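In: With the sequence up front, the predicted model follows.
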Amino acid sequence: MPAEAVLDEMVYQSERYGTRDFIFCDIKLNSHLPVWRALIEQIPQRLPGARWIGTVHVQGRGENGLTPDELRAARAAGMQRISFGLE
């Protein structure tokens, strides 16, 4: 799903149910880096005060969007807990 569609759905669910808490069930939230990065960048503007958790994929080869700076940005964007799988 494109990042804009994910964010639109989050806003809709937040308005409909009066929540700011979200769980991403995708077991590889960072599998498409543009979406991962867009969520980190745009959640604070679209849903101030949002809290969310998700699961990411950790690999030793290539870029995975999990640098210390990106993880700090995810935390600043409301990420409360992160789970991961190693391969």
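Out: In hand now; what should we look at?

In: got any ranges where the protein has weak pLDDT?
Out: With pLDDT under 70 as the threshold, the chain has low-confidence stretches at 86-87.

In: Helices along that one, start to end?
Out: When secondary structure is read from DSSP state H, the chain shows helices at 3-17, 33-46, 68-76.

In: what packs against the longest one?
Out: The one in question is helix 3-17. Contacting helix 3-17 under the criterion 3 or more Cβ pairs under 8 Å, 6 or more residues apart in numbering; DSSP states H and E are the following elements: helix 33-46. Glycine gets a C-beta too; all of them are placed from N, C-alpha and C.

In: Mind giving me the packing neighbours of the helix it packs on?
Out: Taking 3+ Cβ pairs under 8 Å, 6+ apart as the contact definition, the neighbouring helices and strands of helix 33-46 are helix 3-17, helix 68-76.

In: what comes up buried for the longest one?
Out: What that stands for is helix 3-17. Of the residues in helix 3-17, those buried by neighbour count under the rule 16 or more other Cβ atoms under 10 Å are 3, 6, 7, 10, 14.

In: Specify which member of the residues you listed is nearest to residue 37.
Out: Nearest to residue 37 among these, counting by Cβ to Cβ, is residue 3 at 8.3 Å.

In: what does stretch 7-17 contact?
Out: 19, 20, 22, 38, 39, 42, 43, 46, 47, 50 (Cβ atoms under 8 Å, 6 or more residues apart in numbering).
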